[in-house]
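J.: Please work out how this folds:
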Amino acid sequence: MPDTYTIYLINEGASTQNFWCFLQRPQELVDDPNVFANSSTQLAVPPNSPAINTFTIPVQYVVGAGASNHAVGLGIQVTSTTTVNAELNDEFSATYADVPPPLGPTLTQSGTGAGPNQISIASNAFNQVNNEANGWFSNMSFGIQTAQGFMGMTWSPSPSQTTTLTPTLQFYVAVGSYGSNTLASWNTVSNTSAQLTVPYSFALRKATVTYTATGQWQVTPGAPPAAQLARASQLSGVVDAHRSLSQAHSDLISLLGSSVAPASGLFGDATSQLDTVQSVTWDSALPEAGGAALAIPLLGVLTVKTALVSAFSYFTLSGITFNITSAPVNGTTIQFSYSGNQSAAAIEALLKAGAQILLGR
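T.: Predicted coordinates for the structure are as follows:
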């Protein structure tokens, strides 16, 4: 089994960010301006997400070869038509066809004599000039294949040349509008990203990357604090239980159908009610979004789908309790407050139209 590195992703920004992971170029390719970053490893992370978001990276190198009617260059989407897993010391032969007709290449392992800690890829004597004159362009790639996608680099090979690579385990984590397998500039990637180097940036093969509220990067060896992971795990369990309860409620309503009497008559003394939020209006003095606990109560008004069957004093959502300040029986409007340890941004993201709340007395 290859070594596996885990990068935990934390977004402290105000909006959802698309995180991308790139692999640093081997030293042999660093000065070549015609080698481009290529990645399909991405993950969207909401602001202050309670979930555990990670890039899981097994150190499984791959080499690839392809051909298409697009020349290798910035903004071009390139995926290899043939890829092979590679180990250090492996040698590979890429055979590119001469056109016409336009055919994809073949890629085979040719030996294990590349040298210590190196991988080599040799190209055949294909007619590059004629191929490109006929709109057929070859490409060659190297990188790491993960369950979340490929991360590596792509370039245009020359005929009868051997490219020898000494892989560097250094990762770039970036946010932005990169495209899946769309070639990007290394200057853009490296200048606007968090950089992680094995082994220095990791503890037990784990590291945490935080995108801060000011758009800066923080890299911390190891996983996030245990308390944060525990909260994420607990919240996931609460959400699952809440979904199960919601489904049971829906099933019960479907079973009873039209035989159910009006809520105020049949369930006038009910101690709880599961309902769906229709709208939420926040007090104009809502604190600015941030990660800190609230200094003042958060106030708002919401409406629910079903008339209230009792004089409820609180409601819960995903394990978080809100106090009810006004909720007339048989009405659908609820005035509420919240003064817990969640941020205003987190509460806003959680309590919105479509959420299911459990009202209690």
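
J.: which stretches of the chain have low pLDDT?
T.: Low-confidence regions of the chain, defined by pLDDT under 70, span residues 1, 226-269, 284-296.

J.: beta partners of the most centrally placed residue in it?
T.: In the chain, the centroid-proximal residue (CA atoms, centre = their mean) is Leu43; its distance is 1.6 Å. According to DSSP bridges, the partner residues bridging Leu43 are Phe19.

J.: Spit out the contact partners of it.
T.: Leu9, Asn18, Phe19, Asn53, Thr54, Phe55, Gln148 (CB atoms under 8 Å, 6 or more residues apart in numbering). Using the backbone N, CA and C atoms, a C-beta is placed for each residue, glycine as well.

J.: Quick one, which of those residues are buried?
T.: Buried members of these, scored by 16 or more other CB atoms under 10 Å, are Leu9, Phe19, Asn53, Thr54, Phe55, Gln148.

J.: wait, Ala147 sits on Thr56?
T.: Yes. In terms of CB atoms under 8 Å, Ala147 counts as a neighbour of Thr56; the distance is 6.5 Å.

J.: So for those two, which residue has more residues nearby?
T.: The neighbour comparison of Ala147 against Thr56 (other CB atoms under 10 Å) goes to Thr56, with 12 against 9.

J.: was I right about that one contacting Gln145?
T.: No. At 11.8 Å, Thr56 does not count as touching Gln145 under the criterion of CB under 8 Å.

J.: Checking Glu348 next. Helix, strand or coil?
T.: At Glu348, secondary structure determined by DSSP: H, G, I helix; E, B strand; the rest coil is helix.

J.: wouldn't it be in contact with Asp283 here?
T.: No. Counting by CB under 8 Å, Glu348 sits too far from Asp283 to count as a contact (11.6 Å).

J.: So between those two, which is more surrounded?
T.: More crowded of Glu348 and Asp283, by other CB under 10 Å: Glu348, with 17 against 14.

J.: Pull up the gap between that one and Phe137, please.
T.: 49 Å (CB to CB, to the nearest Å).

J.: same thing with Thr333?
T.: In terms of CB to CB, Thr333 sits 64 Å off from Phe137.

J.: out of these two, which sits in the busier spot?
T.: Ranked by neighbour count (other CB under 10 Å), Thr333 and Phe137 place Phe137 first, with 20 against 15.

J.: Please name the spatially closest residue to that one (chain neighbours excluded).
T.: Of all residues not flanking Phe137 in the chain, Ala71 sits nearest, at 4.6 Å (CB to CB, 6 or more residues apart in numbering).

J.: Give the burial count for Gln77, as a bare number.
T.: For Gln77, using other CB under 10 Å, the count is 13.

J.: same check, this time on Gly179
T.: Counted with other CB under 10 Å, residues neighbouring Gly179 total 14.

J.: repeat for the one 5 residues further on
T.: Look at Ala184: counted by other CB under 10 Å, it has 20 neighbours.

J.: nearest spatial neighbour of Gln77, skipping sequence neighbours?
T.: Distances taken as CB to CB, 6+ apart place Thr182 nearest to Gln77, at 4.8 Å, with adjacent residues excluded.
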